[in-house]
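# kindly return the folded structure for what I paste below:
(one chain, ligands or ions: 1)
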Amino acid sequence: MITLHNVSKSFIQFDAIKSVSLTIKRGEIYGIIGASGAGKSTLLRLMNLLEVPDKGTVEVDGQALTNMKGKQLRQARQSIGMIFQHFNLVANKTVYENVAVSLQLAKIPRKDHRSRVEECLRFVGLEDYLDKYPAQLSGGQKQRVAIARALANNPKVLLCDEPTSSLDPNTTAEILGVLESINKRLGVTIVIVSHEMEVIKSICQRVTVMANGEVYDTITIEPKGVAMKDSNPKWFVEQLSKDGDNSHA
Ligand SMILES: Nc1ncnc2c1ncn2[C@@H]1O[C@H](COP(=O)(O)OP(=O)(O)OP(=O)(O)O)[C@@H](O)[C@H]1O
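Presented below is the predicted three-dimensional model:
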């Protein structure tokens, strides 16, 4: 579903991503973990070309994004939703308007907005919050609105950049539940960047460990979060074996 081939990205002489190749399968919930500055967010943003790679190719759902520009790229991006740690809602727009922004950008006729916005808000359990403003919502509710906005154009992929890092443990579990149901009920492939082992263990089927802009390893996680070692990266296995631990990678 997502294939990166020898992708590199530098910022002013700093090599943030160094020739990374990976493949994410259709229907997976896939994690990216690593220490601060390892390149996790940059790697995620390369998957929808929010960051343009200096070298290498990015393919999503059979489409080579790295060969596209302008309108064609904007259209391809509509099948890739994204959510962020700080939600990125527009403060002076209502919940309804925040979700409808996605439909406006996709040039969906206005007459079709209401039913689609309501459907997406129902999916995340916020159908009664249409007229509220972001400041009137809890962190978890804000993230639900951001998820509804990301779902509005029926994406095939949802990219999540530290989606629960601003939330308390209970709200984190709720949001992970929403992401799981998007994956199961809607068949959306999900990629989650997180520095929290608990998040990765509880929801992901595979995880790539990033270190210094490179893939350190890719691990399969069994149901219930037990590591099934494709190989034996000591650091990662140590982290996985820490029970109920919230320590940062
Ligand atoms: N736009 C940019 N301009 C310059 N340097 C950047 C830019 N974006 C990222 N970097 C640098 O690239 C490296 C990787 O950043 P990235 O945000 O991908 O790491 P990360 O693993 O997500 O870290 P964190 O967990 O702290 O968010 C860092 O050293 C960062 O300072």
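
# check Q239 and give its pLDDT.
Confidence at Q239, expressed as pLDDT, is 53.

# which residues touch the helix ranked longest in the chain?
Secondary structure of the chain per DSSP state H: the longest helix is helix 169-186. Contact with helix 169-186 is made by 27, 29, 123-125, 138-140, 143-144, 147, 151, 158, 160, 163-164, 167, 188-190, 192, 199, 202-203, 246, as judged by C-beta atoms under 8 Å, 6 or more residues apart in numbering. Yep, even glycine has a C-beta here, placed from its N, CA and C like the rest.

# give me the buried entries from those residues.
Burial by neighbour count, 16 or more other C-beta atoms under 10 Å: within those this picks out 29, 123-124, 139-140, 143-144, 147, 151, 158, 160, 163-164, 167, 188-190, 192, 199, 202-203.

# report the beta-bridge partners for V58.
Beta-bridge pairing of V58 under DSSP bridges involves L4.

# what residues does it make contact with?
Counting by C-beta under 8 Å, 6+ apart, V58 makes contact with I2, T3, L4, H5, V7, L46, M47, L49, A64, L65, T66.

# for L4, same thing?
Counting by C-beta under 8 Å, 6+ apart, L4 touches V20, S21, L22, T23, L43, L46, M47, G56, T57, V58.

# ok so, going back, ok, so of the contacts of V58, who is nearest the ligand?
Using C-beta to the nearest ligand atom, L46 comes nearest to the ligand of those, at 9.4 Å.

# which SS class is the residue at the greatest distance from the centre of the chain?
Most distant residue from the mean C-alpha position of the chain: K111, 29.4 Å away (C-alpha atoms, centre = their mean). Under DSSP: H, G, I helix; E, B strand; the rest coil, K111 falls in the helix class.

# would you check how far apart N183 and V124 are?
Separation of N183 from V124 (C-beta to C-beta, to the nearest Å): 14 Å.

# this completes my enquiry, with thanks.
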